[in-house]
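curious how this folds, go ahead:
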Amino acid sequence: MGIRNTFAAIMRAAFAALARAPKLVWDGTRFVLRAAAAILPTPPQEEALAEEELLAELNRPREILKADIVEADPREEWGYAAGNYLASCGEEPAAGVLDERAIAHLDSLDVAERAALLAYEPRHIGQHLMGERKLKNLPPVPTAAQWTDAEKARLAALAGPVREGNAVIRAKMAEVAVAMREHGYEPVPAPRPRAA
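Numbers count the residues shown, from 1 in each chain. Got it, this is the predicted structure:
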């Protein structure tokens with residue numbers, strides 16, 4: 001090590017010691033002993049680095065423990081949805097997660113059965129609607145196959161009067177066409193929809 005390097009190291013150490021030594025500082029009204037290093041402002045680069053570290057820590061993805069995750073029980077969701085459906089007083093009920101089979105079953109209940117159903121916990125109501133549990137004093141919920149067969153029979157029963165009504169309309173139109181021909185008029189054919 002040369003003389004220059006030695007002298008530079010001694011000077012650096014001396015200046016560092018002087019910077020940390022207490023000094024008399026004018027406080028505006030009197031002289032106060034303070035360490036000069038505390039008076040020196042923090043370099044802006046160090047503040048920026050500290051801020052970046054803080055932001056990186058705050059934005060770091062957190063691990064969520066399995067115990068903190070609560071998965072929704074579908075039975076409870078069905079129970080709450082059934083309660084909301086039955087409690088909608090004259091308003092358009094929102095079915096939510098309920099399927100058509102469950103809605104048809106809820107619509108088929110009378111007032112006493114609805115009150116008995118709502119007396120149970122949502123989880124038990126959901127189990128009843130899903131067919132997992134039979135609740136006391138309530139009719140059983142039909143299975144998907146039973147409900148499908150009942151719907152087919154209901155739609156077939158509705159189709160019968162419609163077919164009969166269409167047959168009556170066609171018979172009346174035929175009578176009108178015969179009467180028009182007898183009086184010398186040619187009936188106008190029914191308009192057909194235009195092709196796009």
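
now do the contacts for P122.
For P122, the contacting residues are 75-76, 78-80, 82-83, by CB atoms under 8 Å, 6 or more residues apart in numbering. Where C-beta positions appear, they are placed from N, C-alpha and C, glycine not excepted.

most surrounded residue in those residues?
The most crowded member of the contacts of P122, judged by other CB atoms under 10 Å, is A82 (27 neighbours).

so it touches V97, yeah?
No - with contact defined as CB atoms under 8 Å, A82 does not reach V97; the gap is 9.5 Å.

got phi/psi on V25?
Main-chain dihedrals, V25, degrees, to the nearest 10: phi -120, psi 140.

that one pairs with what?
Taking DSSP bridges as the rule, V25 bridges to V32.

what's around it, how many residues?
V25 has 14 neighbouring residues, counting by other CB under 10 Å.

likewise A81?
23.

I figured it hits L98, correct?
Yes - counting by CB under 8 Å, A81 does reach L98; the two are 5.1 Å apart.

ok, longest helix in this protein?
The residue-count maximum for a helix in the chain (DSSP state H) belongs to helix 144-182.

pLDDT score for L40?
We note a pLDDT of 54 for L40 in this prediction.

the residue nearest to Q127 when sequence neighbours are not counted: what secondary structure?
Distance criterion CB to CB, 6 or more residues apart in numbering; nearest residue to Q127, sequence neighbours excluded, is R133 at 3.9 Å. Three-state assignment for R133 (DSSP: H, G, I helix; E, B strand; the rest coil): coil.

try the one 4 residues further on
Of the three states, N137 takes coil according to three-state DSSP.

and it, how far is that from A119?
Distance, N137 to A119, by CB to CB, to the nearest Å: 10 Å.

does K134 really touch Q127, like I thought?
No - contact criterion CB under 8 Å: K134 and Q127 do not qualify, at 9.3 Å.

where do the strands of this protein begin and end?
22-26, 31-35 (DSSP state E).

just put these in CSV and tack on distance to T6 and mean pLDDT.
Converted to CSV, the strands of the chain look like this (distance: least, CB to CB, whole Å; pLDDT from 0 to 100):
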stretch, distance to T6, mean pLDDT
strand 22-26, 27, 73
strand 31-35, 28, 71
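
adding distance to E182, write these out as TSV.
Below are the strands of the chain laid out as TSV (distance: least, CB to CB, whole Å):
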stretch	distance to E182
strand 22-26	126
strand 31-35	124
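
out of these, which is closest to M180?
Among the strands of the chain, the nearest to M180 by CB to CB is strand 31-35 (117.4 Å).

from the contact counts, what lies against the longest helix of the chain?
Applying 3 or more CB pairs under 8 Å, 6 or more residues apart in numbering; DSSP states H and E, we find helix 144-182 packed against helix 100-108.

low-scoring pLDDT stretches of the protein, where are they?
Along the chain, the parts satisfying pLDDT under 70 run over 1, 34-44, 64-70, 89-96, 187-196.

switch to 80 and redo it
Scanning the chain for pLDDT under 80 picks out the ranges 1, 16-28, 31-48, 61-72, 88-97, 159-163, 186-196.
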